[in-house]
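[1] coordinates only, sequence not included:
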């Protein structure tokens, strides 16, 4: 399959869109990746890819796709570093 990025049909890549990731079938088991303070990360096997998500105080705040459970763990860790930094008090100059 060849994708013509100059004439891309928006539905062509819908299988990895945030909209489709948010519509994971109910009852899809979650694999906990880690917990850190008020954050937790988990992954779900969609069959063709993994969906990872980060929750803060029990509420999902970020999600993304990954091709393996290991890459889901790495991606969630990297994104979590950003949120932890936002929570940190500013350092004096």
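    Sure thing, it's come through. As the structure is a computational prediction, the values presented were derived from the model and not from experiment.
[2] poorly predicted segments of the chain, please.
    1-23, 93 (pLDDT under 70).
[3] what about the helices in it?
    18-22, 69-87 (DSSP state H).
[4] now those helices as CSV including mean neighbour count and distance to residue 35?
    All C-beta atoms are positioned from the backbone trio N, CA, C, and that covers glycine. Converted to CSV, the helices of the chain look like this (neighbours: other C-beta atoms under 10 Å; distance: least, C-beta to C-beta, whole Å):
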stretch, mean neighbour count, distance to residue 35
helix 18-22, 12, 22
helix 69-87, 15, 10
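[5] okay if I get the ones you listed as CSV plus distance to residue 62?
    As requested, the helices of the chain are arranged in CSV below (distance: least, C-beta to C-beta, whole Å):
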stretch, distance to residue 62
helix 18-22, 10
helix 69-87, 6
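[6] nearest to residue 51, out of those?
    Of all the helices of the chain, helix 18-22 sits nearest to residue 51, with 5.1 Å by C-beta to C-beta.
[7] closest to residue 46 out of the helices of the chain?
    helix 18-22 (8.1 Å).
[8] how close does the residue nearest to residue 33 when sequence neighbours are not counted get to residue 89?
    For residue 33, ignoring the flanking residues on the chain, the nearest one in space by C-beta to C-beta, 6 or more residues apart in numbering is residue 41 at 4.1 Å. From residue 41 across to residue 89, the span is 23 Å (C-beta to C-beta, to the nearest Å).
[9] more crowded one of the two?
    Taking neighbours as other C-beta atoms under 10 Å, residue 41 and residue 89 compare with residue 41 leading, 24 against 5.
[10] for the residue nearest to residue 33, name its beta-bridge partners.
    Under the criterion DSSP bridges, residue 41 forms beta bridges with residue 34, residue 54.
[11] how about the contacts made by it?
    By C-beta atoms under 8 Å, 6 or more residues apart in numbering, the residues touching residue 41 are 32-35, 52-55, 73, 76-77, 80.
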